[in-house]
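J.: Would you be able to build a 3D model of this:
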Amino acid sequence: MKIVVLIKQVPDTEEIRRLDPITGRLDRDASDRVLDEINERALEVALRRKDADKKATEVVVVSMGPSDTREALRKALSMGADSAVHIEDEVFEGADAGMTARVLASALKQLDFDLVVAGNQSTDGAAGIVPAMVAEHLGLPLLSSLDTVELDEDYVRGEHVTETATLTVSAPLPAVISLTERVGEARFPSFKGIMGAKRKPIETLSAIDLGIAPSTETRRTWVLQVTERAAKTAGIKIANDGDAGAQLADFLVARQLV
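T.: Next comes the predicted model:
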């Protein structure tokens, strides 16, 4: 079985993230860039299958981005992925969700995969639509925002939790799935894995390799205005003069919180 995991390098979530007021894009130089945590969890699902299958399963990671995206790919390789594909071309700079999905799908068409795994949404854009768009381009079934995953030779199954119910869903392979953070923590790379990652192959694909002609009209969503988030204001302070409980109750009732 061949599982492809879509990963993304994003600004560190522990640091402040800002939009460039000129371009309207996320300022990726304002903080360190790391492998998105939700992608680590998605990779962990694929690696668990590989562990259970006594390494008969092949895991490939695919990412689109500039040259330093290789750092995220190397981390994924150190965690246990077998190989990586790096989609890099300056014509993809600033690609929106639609163009990103088209590019990823074009790369996936060159891979003989059984399953595509992704996080349900990235921590920088948080659009949550790229996996669905990729599935549409590939003409494959999509199981989105799964909390659990079961995989056999012919089918993938899982649970999708909504506000009112838990749905058990399944699809025949090949298929595309996206996962939530509830699938569990990802493993840490071992020293052996870190050293071994240096010898694992990373294939680089350009727009020409993917058969995509540059087109500024179709690759970007244009941001027309950027506004700084307002500073937080001080909350209401309640002094305990013997009626603090009543004041708290009135506060909650006024806001329909009780």
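
J.: now Glu58, nearest residue through space, not along the chain?
T.: Lys2 (4.7 Å; C-beta to C-beta, 6 or more residues apart in numbering). C-betas here are computed from N, CA, C, even on glycine.

J.: That neighbour and Ala171, how far apart?
T.: 17 Å (C-beta to C-beta, to the nearest Å).

J.: In terms of neighbours, single out the busier of those two.
T.: A count of neighbours by other C-beta atoms under 10 Å puts Ala171 above the other of Lys2 and Ala171, at 18 against 15.

J.: Which secondary structure state does that one sit in?
T.: Here Ala171 is recorded as strand under DSSP: H, G, I helix; E, B strand; the rest coil.

J.: Contact partners for it?
T.: If you count contacts by C-beta atoms under 8 Å, 6 or more residues apart in numbering, Ala171 has them with Pro141, Leu142, Leu143, Tyr155, Val156.

J.: so it bridges to which residues?
T.: In this entry, Ala171 is beta-bridged to Val156, by DSSP bridges.

J.: Low-confidence ranges, the stretch 101-250 of the chain, go.
T.: By pLDDT under 70, the low-scoring segments of the stretch 101-250 of the chain are 215-220.

J.: just to revisit the earlier point, find me the pLDDT at the residue nearest to Glu58, would you?
T.: Model confidence at Lys2, given as pLDDT, is 96.

J.: Strands along the stretch 51-200 of the chain, start to end?
T.: Using DSSP state E, counting those that start in this stretch, the strands of the stretch 51-200 of the chain run over 58-64, 83-87, 115-119, 142-146, 148-151, 155-161, 166-172, 175-179.

J.: Any idea which of those strands gets closest to Ser206?
T.: Closest approach to Ser206 among these (C-beta to C-beta): strand 83-87, 7.9 Å.

J.: Among the contacts of Ala171, give me the pair with the biggest separation.
T.: Using C-beta to C-beta, the contacts of Ala171 span at most 14.3 Å, a distance reached by Leu142 and Tyr155.

J.: All the helices of this protein, residue numbers only.
T.: For the chain, the helices defined by DSSP state H cover 37-52, 69-79, 97-108, 130-138, 191-197, 207-210, 216-219, 244-254.

J.: that older thread, out of Leu142 and Tyr155, which sits in the more crowded spot?
T.: Comparing Leu142 with Tyr155 by other C-beta under 10 Å, the one with more neighbours is Leu142, at 19 against 12.

J.: Roughly how far does that one sit from Ser122?
T.: When Leu142 is compared with Ser122 (using C-beta to C-beta), they lie 17 Å apart.

J.: now do Asp12
T.: Plainly put, Asp12 is 13 Å away from Ser122 if you go by C-beta to C-beta.

J.: Same check on Arg49?
T.: Distance of Arg49 to Ser122, computed by C-beta to C-beta: 23 Å.

J.: Next: Gly242.
T.: If you go by C-beta to C-beta, the gap between Gly242 and Ser122 works out to 51 Å.

J.: Between the two, which has more neighbouring residues?
T.: Set Gly242 next to Ser122 and count neighbours by other C-beta under 10 Å: Ser122 wins out with 22 against 7.

J.: Could you pull up the residues touching that one?
T.: Counted by C-beta under 8 Å, 6+ apart, Ser122 has contacts Lys8, Val10, Asp36, Ile38, Asn39, Val130.

J.: could you dump the helices of the chain to TSV with mean neighbour count and distance to Glu185?
T.: Listed next are these as TSV, based on neighbours: other C-beta atoms under 10 Å; distance: least, C-beta to C-beta, whole Å:
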stretch	mean neighbour count	distance to Glu185
helix 37-52	21	7
helix 69-79	22	12
helix 97-108	21	26
helix 130-138	21	21
helix 191-197	13	16
helix 207-210	15	34
helix 216-219	11	35
helix 244-254	11	36
